[in-house]
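Engineer: Whatever this is, show me its structure:
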Amino acid sequence: MASLVHMRTVVLGPPPPEIEALIARRRRLGLDKYDEVWSGEYHMLPMAHSSHGWLQMHVAMLIEPMAVAAGLVIIGPFNLGSPDDFRVPDFGLHRQRPHAVWVPTAAIVGEIESPDDETWEKLPFYASHRVDEVLVVSAERRSATWLLRDGDHYVESEASGLLGAESARLTETIDWPDPPA
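Structural biologist: Okay, here's the model as predicted:
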């Protein structure tokens, strides 16, 4: 029998009371901070490994001086979209400090890849919400990749168009965590 640890679960139709109770319990306990809703589908995300959080903060601190110089404001995880369709990037850079639960767009979003996450599947959503750039950081590959929006999709770039930060230089600068045990 397959392990349930890495198995995707899909429940078709209206959520049964057990699922509603699970979601309510996660909210009560504060376990839903990274849960997302994709066009009405609830994506339940477990808290990532502690090295993910460390890398998230480390990368944000590395790019913050460039963000300030470019007139951008950096914030941690936030709800990008609307209550029935949103994603939660690991951090975002904005043209002005957002004051909302549901933020419609960002100049740049940062995603730290984790095993079994949906980082790359989020790109069409980000493009549809006019996010100019996406920074994808992969501890497994030890890489930082800048993606620039080109209409309704992203193209890989050697550097951020807004910050001037080069992928290669950022990759060299990151103090990569040891792989999770």
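Engineer: Tell me how many other residues surround residue 74.
Structural biologist: Taking other Cβ atoms under 10 Å as the criterion, the count of residues near residue 74 is 19. Using the backbone N, CA and C atoms, a C-beta is placed for each residue, glycine as well.
Engineer: do the same with residue 40
Structural biologist: By other Cβ under 10 Å, 7 other residues sit near residue 40.
Engineer: Isn't it up against residue 85?
Structural biologist: Yes. Residue 40 lies in contact with residue 85 (Cβ atoms under 8 Å); the separation is 7.2 Å.
Engineer: For whichever strand or helix holds residue 63, buried residues please.
Structural biologist: Mapping residue 63 onto the secondary structure by DSSP states H and E places it in helix 50-69. Neighbour-count burial for helix 50-69, counted by 16 or more other Cβ atoms under 10 Å, picks out 51, 52, 55, 56, 58, 59, 60, 62, 63, 66, 67.
Engineer: right, and out of the residues you listed, which lies closest to residue 94?
Structural biologist: The shortest approach to residue 94 among the buried residues of helix 50-69 belongs to residue 67, at 9.3 Å (Cβ to Cβ).
Engineer: residues contacting that closest one?
Structural biologist: Contact criterion Cβ atoms under 8 Å, 6 or more residues apart in numbering gives 73, 74, 93, 163 as the residues in contact with residue 67.
Engineer: where does the protein dip in pLDDT?
Structural biologist: For the chain, applying pLDDT under 70 flags the ranges 1-7, 180-181.
Engineer: By neighbours, which of the contacts of residue 67 wins?
Structural biologist: Among the contacts of residue 67, the one with the most neighbours (other Cβ under 10 Å) is residue 93, at 27 neighbours.
Engineer: Next secondary structure after the host helix or strand of that residue?
Structural biologist: According to DSSP H and E, residue 93 maps onto strand 91-94. Next in sequence after strand 91-94, counting helices and strands by DSSP H and E, comes strand 102-103.
Engineer: and residue 43, backbone torsions?
Structural biologist: Residue 43 has phi and psi values of phi -110, psi 110 when expressed as degrees, to the nearest 10.
Engineer: Which residues does it form beta bridges with?
Structural biologist: In this entry, residue 43 is beta-bridged to residue 36, by DSSP bridges.
Engineer: which residues does it contact?
Structural biologist: By Cβ under 8 Å, 6+ apart, the neighbours of residue 43 are 35, 36, 37, 118.
Engineer: measure it to residue 37 for me?
Structural biologist: Distance of residue 43 to residue 37, computed by Cβ to Cβ, to the nearest Å: 7 Å.
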